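Peer 1: Below is the structure, and that's it, no one-letter string:
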């Protein structure tokens, strides 16, 4: 815990001073004598005394004062808080190697089922978008709160050749920040369309000035990228990760399949695929995200279950002056209530 006004912590010295004053008052009270008619009356008075209860209200009031004095110094603590607004982009590999059956029933189906389960467990207010990538990338579902639309988009995946992991990240960023005019023609395979009237490329809107932010500092969105291979085409994924880091967006990478390499054959052609864990780790490291490896369908399901809890909360430094003030007021009310309940006298 830290404080915005630490110089005011010296006010806490009032607490031990009040304790000393309370002890002195008790000692003075003990010295006071009462003249009683008999020893029996004295014993009866002692038996009916307040005992330990008389110390409870002062102790609670002391704690209340301590909480209020801490509040004066404006404390700051790191708390786990729910996010008011969140957008999750699922960037999923649909390259031909995803038909491999080392993850049952195959990598594609296992990733689809895990992703759909993940989507269903998110709070309804979280928006989810889906980007598929192979040789190029495509937005198969713009960010939405409709779980049915997202699941339908995941079910529509079609396998293609190539693995452009960088394209998946860049297109996800362009979807999250449409106003920045991030160039995506080289990741989607679309042609530019010039304006014949002025010779201007109308597919490239004027870009506003961009100022990089600290990696991981953008808490309203995150990208989850799943892939089973290494980049074969498209932009450098580490350059794409640097772009995500400059926007403050965390990229959580999930590797599925074999790390030592495997030959996949289909309809007369074959290819060797290998999971590039080093690159996936570096992507997550650059963006302040995290890398997960899923060797089986059950592993993949657990990865997504863990991610679902990470995506809706954040740890951040928050001023807790109001919390301590409320605690102090509550303790003061409790002390007053107990004092009236135990020691009030009816005239």
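Peer 2: Nice, thanks for sending it over. No experiment lies behind these values; they were computed from the predicted model shown. Residues are numbered from 1 along each chain as shown.

Peer 1: Show the low-confidence segments of the chain, by residue range.
Peer 2: 31-50, 79-85, 190-208, 259-273, 309-316, 345-347 (pLDDT under 70).

Peer 1: Domain map for it?
Peer 2: Domain assignment for the chain by automatic domain parsing gives 2-79+318-343, 84-311.

Peer 1: can you redo these as TSV with mean neighbour count?
Peer 2: Every C-beta, even on glycine, is put in place using the N, C-alpha and C of the backbone. Formatted as TSV, the domains of the chain follow (neighbours: other CB atoms under 10 Å):
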stretch	mean neighbour count
domain 2-79+318-343	13
domain 84-311	18
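
Peer 1: so how far is residue 216 from the residue lying closest to residue 177 once chain neighbours are set aside?
Peer 2: Sequence neighbours aside, residue 247 is the residue nearest to residue 177 in space, at 6.5 Å (criterion: CB to CB, 6 or more residues apart in numbering). Per CB to CB, to the nearest Å, residue 247 is found 10 Å from residue 216.

Peer 1: ditto for residue 187
Peer 2: 23 Å.

Peer 1: now residue 289
Peer 2: Distance, residue 289 to residue 216, by CB to CB: 8 Å.

Peer 1: cool, residue 188 as well?
Peer 2: 27 Å.

Peer 1: can you give me the strands for the stretch 51-200 of the chain?
Peer 2: 75-82, 87-93, 127-133, 137-144, 194-195, 200-201 (DSSP state E, counting those that start in this stretch).

Peer 1: Tell me the strands beside the third one, with direction?
Peer 2: Paired neighbours of strand 127-133 in the sheet (DSSP bridges): strand 87-93 (parallel), strand 137-144 (antiparallel).

Peer 1: on that earlier part again, relative to residue 158, which of the strands of the stretch 51-200 of the chain is closest?
Peer 2: With respect to residue 158, and counting by CB to CB, the nearest of those is strand 127-133 at 8.1 Å.

Peer 1: quick one: contacts of the closest one?
Peer 2: 86-95, 119, 122, 137-145, 147, 150, 153-154, 157, 163-165, 167-168, 171-172, 175-176, 234 (CB atoms under 8 Å, 6 or more residues apart in numbering).

Peer 1: go with 6 Å
Peer 2: 87-92, 94, 119, 137-145, 150, 153, 157, 164, 167-168, 171-172, 175 (CB atoms under 6 Å, 6 or more residues apart in numbering).

Peer 1: One more: stretch 211-218?
Peer 2: 245-246, 248-250, 287-288.

Peer 1: Give me the distance from that stretch to the chain's centre.
Peer 2: What separates the centre of stretch 211-218 from the centre of its chain is 15 Å, taken as CA atoms, centre = their mean, to the nearest Å.

Peer 1: end to end, how far does it reach?
Peer 2: 13 Å (CA to CA, to the nearest Å).

Peer 1: For residue 93, list each beta-bridge partner.
Peer 2: Where residue 93 sits in a bridge, its partners, by DSSP bridges, are residue 133.

Peer 1: any chance of the strands of the stretch 51-200 of the chain in a markdown table, plus distance to residue 112?
Peer 2: Supplementary listing: the strands of the stretch 51-200 of the chain in a markdown table, determined by distance: least, CB to CB, whole Å:
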| stretch | distance to residue 112 |
| --- | --- |
| strand 75-82 | 28 |
| strand 87-93 | 8 |
| strand 127-133 | 11 |
| strand 137-144 | 12 |
| strand 194-195 | 39 |
| strand 200-201 | 37 |
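
Peer 1: So which residues of the stretch 51-200 of the chain form helices?
Peer 2: Under the criterion DSSP state H, counting those that start in this stretch, the stretch 51-200 of the chain contains helices at 56-72, 107-121, 147-155, 165-176, 185-188.

Peer 1: make that the stretch 201-347 of the chain, sorry
Peer 2: 237-246, 277-286, 297-310, 321-343.

Peer 1: Out of these, the one nearest residue 2 is which?
Peer 2: helix 321-343 (12.5 Å).

Peer 1: Give me the helices and strands touching that closest one, please.
Peer 2: Contacts defined by 3 or more CB pairs under 6 Å, 6 or more residues apart in numbering; DSSP states H and E place helix 321-343 against helix 56-72.

Peer 1: now the helix it packs on against helix 321-343, angle please.
Peer 2: 170 degrees (axes from the mean of the first three to the mean of the last three CA atoms, to 10 degrees).

Peer 1: Can you pull out the residues in contact with helix 56-72?
Peer 2: 8, 11-12, 15, 22, 321, 324-325, 327-328, 331-332, 334-335, 338-339.

Peer 1: And stretch 289-298, by the same measure?
Peer 2: By CB under 6 Å, 6+ apart, stretch 289-298 touches 103-104, 110, 250-256, 280-281, 284, 300, 303.

Peer 1: mind redoing it with 7 Å?
Peer 2: Residues outside stretch 289-298 that contact it (CB atoms under 7 Å, 6 or more residues apart in numbering) are 103-104, 110, 250-256, 277, 280-281, 284, 300, 303.

Peer 1: Many thanks, I have nothing further to ask.
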